[in-house]
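>>> No sequence on hand, only this structure:
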């Protein structure tokens with residue numbers, strides 16, 4: 001076991017002395033990771049600034065010591081200062097989620113604005129170089145460096161290291177769901193090490209899904225201070241009144257624990273969720289989903305420009321694949337199918353053909369072998385799929401022609417899965433909310449398991465995207481799609 005690894009401090013749920021102290025070196029790895037990020041950002045910024053200064057400064061050697069050194073050093077300090085002020089190095093945002101990169105982007109944008117204002121004030125002729133070359137270069141290098149650090153951290157977490165010990169406090173049913181999710185997604189960095197329930201008991205004895213029940217909800221703060229939990233996850237339970245939650249927050253003050261309260265009324269997250277004080281009462285304000293307006297217009301522009309660029313990049317590959325498909329088996333290179341898009345309007349989707357000719361007519365005979373979840377028809381070993389088609393499906397190459405759908409406006413780069421007309425006809429009112437936005441070439445379903453997902457989970461992910469989409473979320477999904485495609489998980 002390496003230094004900073006966590007151990008399970010609960011050999012049994014009972015029999016501990018009340019004053020027993022448990023050492024949890026969770027803060028060690030958190031502080032080491034934070035220091036690593038700070039050093040990486042500093043070195044990356046210095047390398048970019050020095051490289052640009054040396055390259056361009058050599059052309060202006062007479063003024064090197066007077067201007068270039070001042071601008072280079074000032075840019076370095078300005079970037080690092082902006083990162084510190086925007087709390088881009090806060091442990092809570094490092095290593096997971098899009099917030100880390102949002103803060104990094106805001107910091108560098110702020111640095112660019114301040115640099116521009118300073119350059120105008122100093123009437124520097126070289127300021128454009130630092131604004132339009134240095135800052136973007138710093139952004140690219142630091143984001144890549146942070147992503148590589150995150151990959152290493154996620155690998156360690158999958159091995160059971162660098163996890164934050166969590167005390168879950170709520171009803172057994174809601175806590176069990178939290179435990180399941182924490183184990184399913186270890187890269188998020190949570191490990192539930194203890195549970196508190198109303199009476200300090202669990203339905204299956206002194207443990208809940210293998211996690212010890214350490215006490216009652218009324219004693220949460222005492223367990224946190226004694227055992228050193230880093231996160232207190234409060235899940236729904238009738239015990240939790242506003243007064244008790246507030247008292248718990250007060251009792252946790254001065255500890256290293258972060259208190260996280262699960263919403264109990266609706267599943268909403270992201271930019272739609274805000275906390276406002278109304279009449280002195282803290283309220284969660286949920287803004288309406290954005291189905292139109294400026295952000296949607298920007299998304300549409302990004303979709304079409306992105307599709308055009310990707311079509312140009314993949315044109316040689318698409319020509320080669322089209323030729324191979326046509327040569328392998330009888331039939332054309334492309335497959336056309338009717339799908340349902342935004343507001344229930346049907347459109348024709350384009351793919352490379354991956355099945356033998358007449359595959360649609362053979363589907364009826366295979367209906368009793370359907371392995372797809374819910375309304376979807378899927379077979380892991382579909383006899384209609386050609387050998388080349390199996391490769392194209394595994395790496396999603398068959399979907400490249402859908403870039404034409406994105407370019408023409410019937411699809412988006414990111415969105416819900418485009419359903420078949422017969423699937424859409426069977427939708428209930430809730431599931432039909434998937435049709436409020438354009439279907440996507442990729443989406444949350446693509447990066448979360450694709451065809452291996454249960455139907456209910458696929459629907460939940462699509463509805464979550466419809467409700468909580470943002471340009472930042474689209475960027476994260478597109479980035480993660482690359483990894484999902486390379487590994488080929490859930491594609492058949």
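Cool, got the structure. Here the structure is a predicted model, which is why all the values come from computation and not from measurement. Residues are numbered from 1 along each chain as shown.

>>> Could you use CA atoms for every contact and neighbour count after this?
Noted.

>>> per the record, what domains does the protein have?
Under the assignment the TED database, the domains of the chain span 28-159, 164-286, 293-487.

>>> can I get those domains in TSV with mean neighbour count and mean pLDDT?
Compiled in TSV, those are given as follows (neighbours: other C-alpha atoms under 10 Å; pLDDT from 0 to 100):
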stretch	mean neighbour count	mean pLDDT
domain 28-159	17	83
domain 164-286	17	83
domain 293-487	17	85
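
>>> Residue 128 in helix, strand or coil?
Look at residue 128: counting by DSSP: H, G, I helix; E, B strand; the rest coil, its state is helix.

>>> wait, what's in contact with residue 31?
By C-alpha atoms under 8 Å, 6 or more residues apart in numbering, residue 31 lies in contact with residue 91.

>>> no, scratch that, I was asking about residue 447
477, 480, 481, 484.

>>> Could you point out which of the residues you listed is nearest to residue 35?
Residue 35 has its nearest neighbour among the contacts of residue 447 in residue 480, at 26.0 Å by C-alpha to C-alpha.

>>> Closest to the mean position in this protein, which residue would that be?
Of all residues in the chain, the one closest to the mean position by C-alpha atoms, centre = their mean is residue 97, 5.0 Å from it.

>>> And that residue, its phi and psi?
With angles defined as degrees, to the nearest 10, residue 97 sits at phi 70, psi 170.

>>> Switch the contacts of residue 447 over to a markdown table; also include distance to residue 145 and secondary structure.
Converted to a markdown table, those look like this (distance: C-alpha to C-alpha, whole Å; DSSP: H, G, I helix; E, B strand; the rest coil):
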| residue | distance to residue 145 | secondary structure |
| --- | --- | --- |
| 477 | 19 | helix |
| 480 | 16 | helix |
| 481 | 19 | helix |
| 484 | 21 | helix |
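
>>> and the lengthiest helix in the chain, what other elements does it pack with?
Across the chain, the longest stretch assigned as helix under DSSP state H is helix 294-328. Contacts defined by 3 or more C-alpha pairs under 8 Å, 6 or more residues apart in numbering; DSSP states H and E place helix 294-328 against strand 346-352, helix 387-394, helix 402-408, strand 412-414.

>>> just checking, what packs against the shortest one?
Contact partners of strand 412-414 among helices and strands, from 3+ C-alpha pairs under 8 Å, 6+ apart: helix 294-328, helix 402-408, strand 440-442, helix 471-487.

>>> Repeat that for the first one.
Contact here means 3+ C-alpha pairs under 8 Å, 6+ apart; on that basis strand 346-352 packs against helix 294-328, strand 334-340, helix 402-408.

>>> And the spatially closest residue to residue 163 that is not a sequence neighbour, how close does it get to residue 231?
Once flanking residues are discounted, residue 163 sits nearest to residue 189: 4.7 Å by C-alpha to C-alpha, 6 or more residues apart in numbering. Distance of residue 189 to residue 231, given as C-alpha to C-alpha, to the nearest Å: 11 Å.

>>> can you check residue 30 too?
Residue 30 is 13 Å from residue 231, by C-alpha to C-alpha.

>>> Then residue 114?
37 Å.

>>> returning to that earlier point: same list, the helices and strands packed on strand 346-352, but as a markdown table with distance to residue 206 please.
Formatted as a markdown table, the helices and strands packed on strand 346-352 follow (distance: least, C-alpha to C-alpha, whole Å):
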| stretch | distance to residue 206 |
| --- | --- |
| helix 294-328 | 51 |
| strand 334-340 | 51 |
| helix 402-408 | 54 |
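
>>> which ones are touching the residue lying closest to residue 474 once chain neighbours are set aside?
Closest residue to residue 474 apart from its sequence neighbours, by C-alpha to C-alpha, 6+ apart: residue 414 at 6.2 Å. Residue 414 sits next to 439, 440, 441, 442, 443, 474, 477, 478 when contact means C-alpha under 8 Å, 6+ apart.

>>> The fifth one: what's it in contact with?
Residue 443 sits next to 414, 415, 416, 417, 462, 477, 478 when contact means C-alpha under 8 Å, 6+ apart.

>>> do that again at 10 Å, thanks
Residues in contact with residue 443, defined by C-alpha atoms under 10 Å, 6 or more residues apart in numbering, are 412-417, 450, 461-462, 465, 473-474, 477-478, 480-481.

>>> With the second one instead?
Residues in contact with residue 440 (C-alpha under 10 Å, 6+ apart) are 303, 341, 402, 405-406, 410-418, 446.

>>> Just name the closest of those residues to residue 165, please.
Once C-alpha to C-alpha is applied, the member of the contacts of residue 440 that ends up nearest residue 165 is residue 446, at 30.1 Å.

>>> distance of that closest one from residue 479?
From residue 446 to residue 479 the distance is 11 Å (C-alpha to C-alpha).

>>> repeat for residue 296
From residue 296 to residue 479 the distance is 20 Å (C-alpha to C-alpha).

>>> try residue 95
Counting by C-alpha to C-alpha, the gap from residue 95 to residue 479 is 15 Å.

>>> Quick one: closest of the helices and strands packed on strand 412-414 to residue 345.
helix 402-408 (13.6 Å).

>>> which residues are contacting the closest one?
300-301, 303-311, 347-352, 409-414, 438-441.

>>> one more time with 6 Å, if that's ok
With contacts defined as C-alpha atoms under 6 Å, 6 or more residues apart in numbering, helix 402-408 is touched by 304, 307, 350, 411, 412.

>>> how close does the fourth one sit to residue 470?
For residue 411, the distance to residue 470 (C-alpha to C-alpha) stands at 17 Å.

>>> How about residue 480, nearest residue that isn't a chain neighbour?
residue 447 (6.2 Å).

>>> how close does that neighbour sit to residue 481?
On the measure of C-alpha to C-alpha, residue 447 and residue 481 end up 6 Å apart.

>>> This completes my enquiry, with thanks.
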